[in-house]
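Novice: got a predicted structure here, sequence first:
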Amino acid sequence: MDDLEKAILFSFDESGAVDSVLKSQAVNYCQQFKENPSICTVCIEKLCFCKIVQVQFWCLQTLHEVIRVKYAAMSSEERGFVRKSVFSMVCYGSIDEKSAVRVLDSPAFIKNKLAQVLVTLIYFEYPMIWTSVFVDLLPHLSKGSVVIDMFSRVLNALDDELISLDYPRTAEETAVAARVKDAMRQQCVEQIVRAWYDIVSLYRNSDFEVCSSVLDCMRRYISWIDINLIANDAFIPLFFELILANGLSEEFRGAAVGCVLAVVSKRMDPQSKLSLLKSLQISRVFGLVKEDGESELVSKVAELLTGYAVEALECVKRLNSENANVVSMELLNEVLPSVFYVMQNCEVDSTFSIVQFLSGYVATMKSFSPLREEQLLHVRQILEVIYTQICYDPMYRDNLDVLDKIGIEEEDRMVEFRKDLLVLLRTVGRVAPEVAQVFIRNSLASAVVSSPDRNVEEVEAALSLLYALGESMSDEAMKTGSGLLSELVPMLLQTRLPCHSNRLVALVYLETVTRYMKFIQENNQYIPMVLTAFLDERGIHHPNIHVSRRASYLFMRVVKLLKAKLVPFIEKILQSLQDTVARFTSMNYISKELSGSEDGSHIFEAIGLLIGMEDVPLAKQSDYLSSLLTPLCQQVQALLLNAKTLNPEESPAKITNIQQIIMAINSLSKGFSERLVTASRPAIGLMFKQTLDVLLQILVVFPKIEPLRSKVTSFIHRMVDTLGASVFPYLPKALEQLLAESEPKELAGFLVLLNQLICKFNTSVHDILDEVFPAIAGRIFSIIPTDTLPSGPGTNTEEMREVLELQRTLYTFLHVIATHDLSSVFISPKSRGYLQQIMQLLLYTSCNHKDYLVRKACVQIFIRLIKDWCARPHGEEKVPGFQNFMMEVFAMNCCLYSVLDRSFEFGDASTLILFGEIVLAQKVMYEKFGNDFLVHFVYKGFSSAHCPQDLAEQYCQKLQGNDFKALKSFYQSLIEKLRLQQNGSLVFR
């Protein structure tokens, strides 16, 4: 063993026996050896005399690299020597008499690497230099299975490395592939095909492995050689003989199936394809798919049948002649039963889309009316396939029920997987509604009585089908109960499912009942059954908290739909919900699951909607509301009384309890309209006012508990909507408490509440706003600066995000004040001290804020202030100095300098909206300030921007005219001209 061989062995060592330093040295030595000018000769000599597979592999790998990278630099003698040597190895020959080793006796990976080397030579030399490589190789096949096997490996390598479109190719590789294929078609394809036939015929009973490799190789080439070489009286009968021969290996038979599939999938015009499909007599293999479903052969035959069905469907779509269409539909109908069987019982190849194929087939049915018996049968089979496919695997039943990590992943996967299948179901429901409804009815009926090991999944799937079917029905069809719907819905309501305790089944059951509520609306006799379903252990009283909460939400939706029709049932409903109501507001409620929209409070919203209707007599309404509000308020008062004696362990539970009660009352109040509680039944309004009084005490007792403050704020929002102006007496106290200990996040929420009040009551809230505004301004300006907020590394904190949100809410708040005739608040004696800071903040923001919509809002505020505070020219100044500030500071900085900045891009839509407001501000200033504005803005401002006199005069004319659109257009062109004129020499700020 020489040094190179030792180095190769060391470099390939994976056992750890070779020291890492030594191995690294060996790798470097091998790498350097590749630079040897006679490397090709060395490699070929080693391949002739060395039996060590690592050495053989390294030599072949090196030859491959040298030819691929340095072919152009090799001499013709060296190329000829390599060509002759490699070809001799491939043909099981020896390079000279002395060679003791034949590479074809080595393991498969060595032979594959040899094939790769030969293909690299073909890449560069065929057919220009080495014209006869394939023709020269064919006679050597007579040497037996060793060379035949190698021949197949060469053709497979050629496909992998160059021809196959399964891999991305460069333009050069694509051109070489076309050259090689054209030359092979012209020179040797027919001979290769003949050799394939002879080999399979000769070895079919003696060497299954060789035959399998030849057929697998043939499959790859069928896509681009002349189809008549394969689809003929010699090959097709041979393929089917092999497929149907029980004595052969599964691999061998499966390889023959692959060839037939390649023939079926061959691209050609639809008429030729139809003739080809018809000639195959595919029905011969239908029986094979019903053998052992796990076997490789069954998978291959399944792939063939689905591929055949796809091609037959394409013929149906693409052929227009009636006769051809009939034939293609016959072929499709013939194969469909087997395809349906495959879809339900076999592992379907990933490249075949069941939904895509079935959707295509269902689309062809739309042209048939009415559907024929055979098509109706196929519709039922399609429904069976959908049903089978959407069933959960029973192995995940427990995971899905408790909804652990595995259960969540499986549910998410199935939701995604089902989407297209359920779209297909809805399509089927439109094409054959009666068939779909009968199938679902029967599926549900049989699933209910199926064995316990399957009925959970089958019932869930049947209910999911019924739910999805509802999405394909029009409102009218739903209301009238068209088809079997008038039978299906009562069946759904009457059926007691043995697996109703299962989370998935219970959820889809409730969703399905809700889906068909339009039918219930028209058929009131089923209302008691709906109520029972929601109120018993199938719904709100289900042991699984996810189900009971979802049931609460869905019940609330049902109440919204049925409204007055439920009045006769109110007593029964409230009685049934007593324990649920009590549990929600009890101390041991499961608070850890409060997150999310379905927190359980929807049951109170449902109750509120029920008892808040004017159809309920006043006395009853008062009793119902009092029976709910009184104990809840008493609970809060008791907790508040004991607040000081709470120990640290008790405190979180008590606070959570109060939160729950506020949420319950808040939700309850949603059912009561402002008109009812203030005009028609003020006694009801009084009860809510008393409740508000109690809940406001929470802010006094727990001034620093953010979740409680948030919940109380939310309730005040609700009371503003419910009580209207009668809420005013409670606001000063509430606003004072909310403002007292507020952090930036709470302060933003506080401003949102004030915005609601202003938008609802306009100037009626002037006195309240006037009272709280100074405290708000003082608090806010202690948190946010009047110019820029800090940015850069370390500023993207939760605290800074809250400050930014507060700033954005402040702009909205100031805008709401200004646009609701309340700007006098800014200049009242109590607030005037903050006017300077407000003006500076608005000015800076209108010129510099990165969000142009915020800038627009600030400009609009200034426009409104000009209108409110400035009389016509020479009138009395309401706010001394404001007019000069607007002309000398705002107009110059915002209306001129900020738009001259090149960052102000006129191509952006939001920029143009802001620009329109800036131009409007100029128009309003001219109307209010007259020539004073022209003096300051045009003669001073434009001069500083070196504006030509003629353009300044044109601007004045446009400003004094009545065409705002023309003014805006002119001012934009003026700014663009000034930018060009300055050409960056003047920075406006």
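Specialist: Cool, the structure landed.

Novice: please make it C-alpha for all contacts and neighbour counts, starting now.
Specialist: Fine.

Novice: give me the number of residues near residue 109?
Specialist: 11 (other C-alpha atoms under 10 Å).

Novice: so what's it scoring on pLDDT?
Specialist: Reading off the confidence values, residue 109 has pLDDT 95.

Novice: buried residues in the helix or strand it falls within, which are they?
Specialist: Per DSSP states H and E, residue 109 falls inside helix 108-125. Neighbour-count burial for helix 108-125 flags 110-125 (criterion: 16 or more other C-alpha atoms under 10 Å).

Novice: and that helix, what does it pack onto?
Specialist: helix 53-70, helix 76-90, helix 145-158 (3 or more C-alpha pairs under 8 Å, 6 or more residues apart in numbering; DSSP states H and E).

Novice: what mean pLDDT does whichever helix or strand comes after that helix have?
Specialist: Sequence-wise, the next helix or strand downstream of helix 108-125 (DSSP H and E) is helix 133-137. Averaged across helix 133-137, pLDDT comes to 95.

Novice: alpha carbons of helix 133-137, in PDB - could you do that?
Specialist: Provided in PDB are the C-alpha atoms of helix 133-137 (Å, rounded to 0.1, in the frame of the first residue of the first chain):
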ATOM      1  CA  VAL A 133     -20.500   5.400 -27.500                       C
ATOM      2  CA  PHE A 134     -24.000   3.800 -27.200                       C
ATOM      3  CA  VAL A 135     -23.700   1.700 -30.300                       C
ATOM      4  CA  ASP A 136     -20.200   0.400 -29.100                       C
ATOM      5  CA  LEU A 137     -21.700  -0.500 -25.700                       C
END
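
Novice: before we move on, back to that, now do the helix holding residue 109 and helix 145-158, the angle between them.
Specialist: 60 degrees (axes from the mean of the first three to the mean of the last three C-alpha atoms, to 10 degrees).

Novice: give me the distance from helix 108-125 to the chain's centre.
Specialist: Its chain's C-alpha centre and that of helix 108-125 lie 45 Å apart, by C-alpha atoms, centre = their mean, to the nearest Å.

Novice: got the CA positions of that helix in PDB?
Specialist: Provided in PDB are the C-alpha atoms of helix 108-125 (Å, rounded to 0.1, in the frame of the first residue of the first chain):
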ATOM      1  CA  ALA A 108     -23.100  -0.600  -6.300                       C
ATOM      2  CA  PHE A 109     -21.900   2.900  -5.200                       C
ATOM      3  CA  ILE A 110     -18.600   2.400  -7.100                       C
ATOM      4  CA  LYS A 111     -20.500   1.300 -10.300                       C
ATOM      5  CA  ASN A 112     -22.800   4.400  -9.900                       C
ATOM      6  CA  LYS A 113     -19.700   6.600  -9.700                       C
ATOM      7  CA  LEU A 114     -18.200   5.000 -12.800                       C
ATOM      8  CA  ALA A 115     -21.500   5.600 -14.600                       C
ATOM      9  CA  GLN A 116     -21.300   9.200 -13.600                       C
ATOM     10  CA  VAL A 117     -17.700   9.500 -15.000                       C
ATOM     11  CA  LEU A 118     -18.900   8.000 -18.400                       C
ATOM     12  CA  VAL A 119     -21.800  10.400 -18.500                       C
ATOM     13  CA  THR A 120     -19.500  13.400 -17.900                       C
ATOM     14  CA  LEU A 121     -17.500  12.300 -21.000                       C
ATOM     15  CA  ILE A 122     -20.800  11.900 -23.000                       C
ATOM     16  CA  TYR A 123     -21.600  15.500 -21.900                       C
ATOM     17  CA  PHE A 124     -18.500  16.900 -23.600                       C
ATOM     18  CA  GLU A 125     -18.000  14.400 -26.500                       C
END
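
Novice: that one versus helix 53-70: what angle between them?
Specialist: Taking the same axes, to 10 degrees, one finds helix 108-125 and helix 53-70 inclined to each other by 20 degrees.

Novice: need the residues that contact helix 108-125.
Specialist: Among residues not part of helix 108-125, those counted as contacts by C-alpha atoms under 8 Å, 6 or more residues apart in numbering are 53, 56-57, 60-61, 63-64, 67-68, 83, 86-87, 90, 103-104, 130-131, 133, 150, 153-154, 157-158, 161, 176, 180.

Novice: just the buried residues of these.
Specialist: For the contacts of helix 108-125, a burial check counting by 16+ other C-alpha under 10 Å picks out 53, 56-57, 60-61, 63-64, 67, 83, 86-87, 90, 103-104, 133, 150, 153-154, 157-158, 161, 176, 180.

Novice: how much space separates residue 841 from residue 955?
Specialist: Counting by C-alpha to C-alpha, to the nearest Å, the gap between residue 841 and residue 955 amounts to 29 Å.

Novice: are we agreed that residue 94 is in a strand?
Specialist: No - with DSSP: H, G, I helix; E, B strand; the rest coil as the criterion, residue 94 is coil rather than part of a strand.

Novice: for it, the count of nearby residues, please.
Specialist: Neighbours of residue 94 (other C-alpha under 10 Å): 18.

Novice: I'd assumed residue 86 was in contact with it.
Specialist: No - using C-alpha atoms under 8 Å, residue 94 is not in contact with residue 86; the gap is 10.0 Å.

Novice: shared neighbours, those two?
Specialist: Counting by C-alpha under 8 Å, 6+ apart, residue 94 and residue 86 have no shared contacts at all.

Novice: the longest helix in the chain is where?
Specialist: In the chain, ranked by residue count with DSSP state H as the criterion, the top helix is helix 405-431.

Novice: so which bits of it are buried?
Specialist: Using 16+ other C-alpha under 10 Å as the test for burial, helix 405-431 gives 407, 410-411, 418, 420-429, 431.

Novice: same check, this time on stretch 609-624
Specialist: Of the residues in stretch 609-624, those buried (16+ other C-alpha under 10 Å) are 609, 610, 611, 612, 613, 616, 618, 621, 622, 624.

Novice: could I have the CA atoms of it written out in PDB?
Specialist: Provided in PDB are the C-alpha atoms of stretch 609-624 (Å, rounded to 0.1, in the frame of the first residue of the first chain):
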ATOM      1  CA  LEU A 609     -80.200  40.100  25.200                       C
ATOM      2  CA  LEU A 610     -83.000  37.900  26.500                       C
ATOM      3  CA  ILE A 611     -84.200  40.100  29.400                       C
ATOM      4  CA  GLY A 612     -83.300  43.400  27.700                       C
ATOM      5  CA  MET A 613     -86.100  43.200  25.100                       C
ATOM      6  CA  GLU A 614     -89.100  45.500  25.300                       C
ATOM      7  CA  ASP A 615     -91.300  42.400  24.700                       C
ATOM      8  CA  VAL A 616     -90.500  41.500  28.400                       C
ATOM      9  CA  PRO A 617     -93.000  43.100  30.800                       C
ATOM     10  CA  LEU A 618     -91.400  45.800  33.000                       C
ATOM     11  CA  ALA A 619     -92.100  44.000  36.200                       C
ATOM     12  CA  LYS A 620     -90.500  40.800  35.000                       C
ATOM     13  CA  GLN A 621     -87.600  42.700  33.500                       C
ATOM     14  CA  SER A 622     -86.900  44.500  36.800                       C
ATOM     15  CA  ASP A 623     -87.100  41.200  38.700                       C
ATOM     16  CA  TYR A 624     -84.800  39.400  36.300                       C
END
